[in-house]
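For reference, the sequence and a predicted model appear below.
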Amino acid sequence: MTITRAHLLITGKVQGVYFRYHTMEKAVELGLKGWVRNRMDGKVEAVFEGAPAQVIEMIHWCQTGPTLANVTDVQEAWEEPVGENAPFRIK
C-alpha cells in the first residue's frame, strides 16, 4: 500500500474551538497516523500519514474544520513518510 505524508499549518479561528479534538476524531475515522497541536502563533499544526486518498480527504476537511472554526488558510507540505506507528494523537 502506498503511504503519503502531509504537514499542514492551519490559520484562522482554530484555537479554542475544539479543532484539535475534532481533527483527531476525523483522522482516526480515516485510519490515519500522525498528530495535531496548537502553536504559539495561534495556528494549528498537523501531520497526517496514510493512504493518499484519506490524506487528501483530511486536508479538505481541515479547510473548513469543525463547526465553530473559521479557517482562513491551510498551508500544506508533502513530505517523505516516516512510518508513524502510534495512534493519531494530540500533542
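Structure received. Numbering: from 1, shown residues only.

Need the three-state assignment for Glu49.
strand (DSSP: H, G, I helix; E, B strand; the rest coil).

so it makes contact with Trp35?
No. Judged on C-beta atoms under 8 Å, Glu49 makes no contact with Trp35 at a distance of 9.6 Å. Placement of C-beta: from N, CA and C, glycine included.

out of the two, which sits in the busier spot?
Glu49 (23 against 20; other C-beta atoms under 10 Å).

just for the protein, where's the confidence low?
When residues are selected by pLDDT under 70, none of them lie in the chain.

Show me where it has its strands.
Using DSSP state E, the strands found in the chain span residues 4-13, 33-38, 44-50, 70-79, 89-90.

gap between Val28 and Lys13?
Distance from Val28 to Lys13, counting by C-beta to C-beta, to the nearest Å: 24 Å.

Any idea what Arg5 is bridged to?
Here Arg5 sits in beta bridges with Glu49, Glu79, as judged by DSSP bridges.

Can we start the residue count at 32 from this point?
Let's use 32 as the start, then, which means that last one is Arg36.

hang on, the earlier thing: possible to save the strands of the chain as JSON lines with distance to Ile90?
What follows is the strands of the chain, written out as JSON lines (distance: least, C-beta to C-beta, whole Å):
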{"stretch": "strand 35-44", "distance to Ile90": "6"}
{"stretch": "strand 64-69", "distance to Ile90": "12"}
{"stretch": "strand 75-81", "distance to Ile90": "7"}
{"stretch": "strand 101-110", "distance to Ile90": "6"}
{"stretch": "strand 120-121", "distance to Ile90": "18"}
